[in-house]
Structures are given as C-alpha cells and as structure tokens.
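# predicted model, plus sequence, below.
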Amino acid sequence: MRCVIARFPFDLTKSGVLESMKGVKPEPITGESVIIGRRHYPVKQVGQVVTRQDPRDFSAGEVVRAMARLGFTCGTAPKAAPARDDNPFERASALLGTPVSV
C-alpha cells in the first residue's frame, strides 16, 4: 500500500511492518498506540522504525492512518485514575467503613 508520511511516499505492507518490528522492544506508551503481533507500540516508535525518519518529522496521525489501512489495531493509552489527596483522617475513616447497627 502506498502512503505518505512526512511528505515522503512509502510502499508499506503488513508483512513488511511485522518484519521491521520483529525484535524491537516497545517503549512506554504515553499517547496513541499500535498493536503489532502481541505487543503494543507507540505510533511514533513504529513510524521511526518503518520509515527510518526522525519522529519529529511526522505526526502520530499519519502513522495511525497508515497502520489502520494496513489492518493493524490502533488506539490510545488508557488514562490513569487521578490520585486522591485525602488527609490521614479521611483515609482511615474510609478504611474503617461505615458503622453497623446491631
């Protein structure tokens, strides 16, 4: 499949992407990701390996569109739950639970 990433045309195939990413250790995912094989990769890392370009030269959207057209599953990283800032008394009260009437 022919696609344009960072204003350069590339002929990508699903098997070619799989071969390129074989043996590449995934970096921590902070934004959008691509599932290649059984691993989740950041889209910028995939774009860098497949195109051999600096990740600052292309957008994540360009790589997501190309990978989705090749049949790979793309998504975003799950958002972490915000940390609670309870004071020690509220935390202890929450751990003890509500009183039970007898």
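Yes, it's here.
# can you pull up the most central residue in this structure?
The geometric centre of the chain, computed from its C-alpha atoms, lies nearest to residue 33 (Cα atoms, centre = their mean), at 2.4 Å.
# and it, what does it touch?
40-43, 74-77 (Cβ atoms under 8 Å, 6 or more residues apart in numbering). Glycine gets a C-beta too; all of them are placed from N, C-alpha and C.
# is it in a bridge, and if so with what?
Beta bridges link residue 33 to residue 42, residue 75, judged by DSSP bridges.
# would you verify that residue 56 is located in a helix?
Yes - the assignment for residue 56 by DSSP: H, G, I helix; E, B strand; the rest coil puts it in a helix.
# quick one on the thing from earlier: so which of the contacts of residue 33 wins on neighbours?
residue 43 (27 neighbours; other Cβ atoms under 10 Å).
# sorry, back to before: tell me the one of the contacts of residue 33 nearest residue 7?
residue 43 (17.6 Å; Cβ to Cβ).
# from memory the closest one sits against residue 60, does it?
Yes - counting by Cβ atoms under 8 Å, residue 60 is a contact partner of residue 43 at 4.6 Å.
# shared neighbours, the two?
Contacts common to residue 43 and residue 60, judged by Cβ under 8 Å, 6+ apart, are 31-32.
# what about the longest helix seen in the chain, average pLDDT?
Longest helix of the chain, by residue count under DSSP state H: helix 60-70. For helix 60-70, mean pLDDT rounds to 93.
# now the helices for the chain?
14-21, 43-51, 60-70, 88-96.
# adding distance to residue 28, write those out as TSV.
Formatted as TSV, the helices of the chain follow (distance: least, Cβ to Cβ, whole Å):
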stretch	distance to residue 28
helix 14-21	16
helix 43-51	10
helix 60-70	15
helix 88-96	29
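# mind checking which of those is nearest residue 29?
Per Cβ to Cβ, nearest to residue 29 of the helices of the chain: helix 43-51, 9.0 Å.
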